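> How does the following fold in three dimensions:
(one chain, ligands or ions: 2)
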Amino acid sequence: MRVVFLGTSGSAPTKARNLPAVALEHEGEVLLFDCGEGTQRQAMHHSVNISKISAIFLTHAHGDHIIGIAGLIRTLALNKRTGLLKIYIPEGQEGAVRSLIEFDNALIGYPIQVITIKGGVVHKGDDYTVSAFRVNHTIKCYGFAFAENDKLHFMKQKADALGIRGKMYSELTRKGHAVVNGRRVSLASVTTKERGRKVVYATDTKPCKATKDAAEGANLLIHEATYSERYREQAVERGHATALQVAKMAKAAKVNMLALTHISARYRDPKELLDEARSVFKNTRIAEDGMRIEL
Ligand SMILES: [Zn+2]
Ligand SMILES: [Zn+2]
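Ligands and ions are numbered 1, 2, ... in the order given. Predicted structure coming up:
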């Protein structure tokens, strides 16, 4: 599993940073979080296969996060895509996405489903879920938590010793218990649990409890840090976060790694943001376009 940053700027692009988009590659599938203008070309440049995108999760309908939909879906049509593409957007903002799909009556020969979200689990894969949680911005906006299901591993020796054979394994998995040689055996007593990996994405938002709760114990928290503390007032006014605020949250939520993104164009050198965050939470990185994080 791998996270690839395709755009790490906020509001306007810079020479070094494109508008927001993060690709999560998981078992041959690509999930895209936000789709700023030019995301399709960024994907090509950073070796993310756009034909593998199965779902796009849009945090909110501000232009910097969604305009890339217009070009991306047309290129997929030219590439003769046939499979379904799901696009998630907060309830009430779906008109913006529909206009990007429909404005020129382009021939799009594959199904696109625009799905409105109201929070909770919004998307299920074979072995993972994506949940949406409401964050605190100037308009309705959601963060997303990608979480793999926990995996159970049988303790072979113990299971053998108890006499568990063949079909009993599927019975145990299905029912949570089975009767083996006249004795009731619970699934928990013969398995160990491997916790699934979790990646949480939150932008644009002020720091909020919903994000902290969602990020609890995450392998990676990707969070906006549009500003440093010097511009705290502007951050509050415009519904954004400072690097310091986010670092405090990452620490409180006991995440493993923090990646800051949606960097304001005023920070040509984002060292100020990095220093500020690392003063509280060491394992912080400033996301750069093309940066990859293996999980
Ligand atoms: Zn933004
Ligand atoms: Zn915004």
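
> Buried residues of stretch 118-129, list them for me.
122, 123, 125, 128, 129 (16 or more other Cβ atoms under 10 Å). (Glycine included, C-beta is placed from N, CA and C.)

> Excluding covalently adjacent residues, which one is nearest to whichever residue of the stretch 101-250 of the chain sits closest to ligand 1?
Closest residue of the stretch 101-250 of the chain to ligand 1, Cβ to the ion: residue 204 (4.3 Å). Spatial nearest neighbour of residue 204, chain neighbours left out: residue 137 (4.8 Å); criterion: Cβ to Cβ, 6 or more residues apart in numbering.

> contacting residues for that neighbour?
60, 204, 205, 206, 239, 240 (Cβ atoms under 8 Å, 6 or more residues apart in numbering).

> Which one of those is nearest to ligand 2?
Using Cβ to the ion, residue 204 is the member of these that lies nearest ligand 2, at 3.7 Å.

> Is it correct that the closest one is in contact with residue 63?
No - between residue 204 and residue 63 there is no contact under Cβ atoms under 8 Å: 11.9 Å.

> More neighbours: which of these two?
Just comparing residue 204 and residue 63: by other Cβ atoms under 10 Å the higher neighbour count belongs to residue 204, 27 against 13.

> And the strands in the stretch 1-150 of the chain, which stretches?
With DSSP state E, counting those that start in this stretch as the criterion, the stretch 1-150 of the chain has strands at 2-7, 21-26, 29-33, 53-57, 85-90, 112-117, 120-124, 128-134, 142-148.

> can you tell me if the third one touches ligand 1.
Which is strand 29-33. No - on the criterion Cβ under 5 Å from the ion, strand 29-33 is out of touch with ligand 1, staying 12.5 Å away.

> what angle separates that strand from strand 142-148?
160 degrees (axes from the mean of the first three to the mean of the last three Cα atoms, to 10 degrees).

> now swap in the fifth one and tell me
With the same axes, to 10 degrees defining the directions, strand 85-90 sits at 130 degrees from strand 142-148.

> so does strand 85-90 get close to ligand 2?
No - shown here: strand 85-90 not in contact with ligand 2 (Cβ under 5 Å from the ion), separated by at least 11.5 Å.

> mean confidence for that strand?
Across strand 85-90, pLDDT averages out at 98.

> nearest residue to the residue of the stretch 51-200 of the chain found nearest ligand 1 other than its sequence neighbours?
Using Cβ to the ion, the closest approach of the stretch 51-200 of the chain to ligand 1 is made by residue 64 at 4.4 Å. Spatial nearest neighbour of residue 64, chain neighbours left out: residue 19 (4.8 Å); criterion: Cβ to Cβ, 6+ apart.

> Pick out the residue closest to the middle of this structure.
residue 201 (4.6 Å; Cα atoms, centre = their mean).
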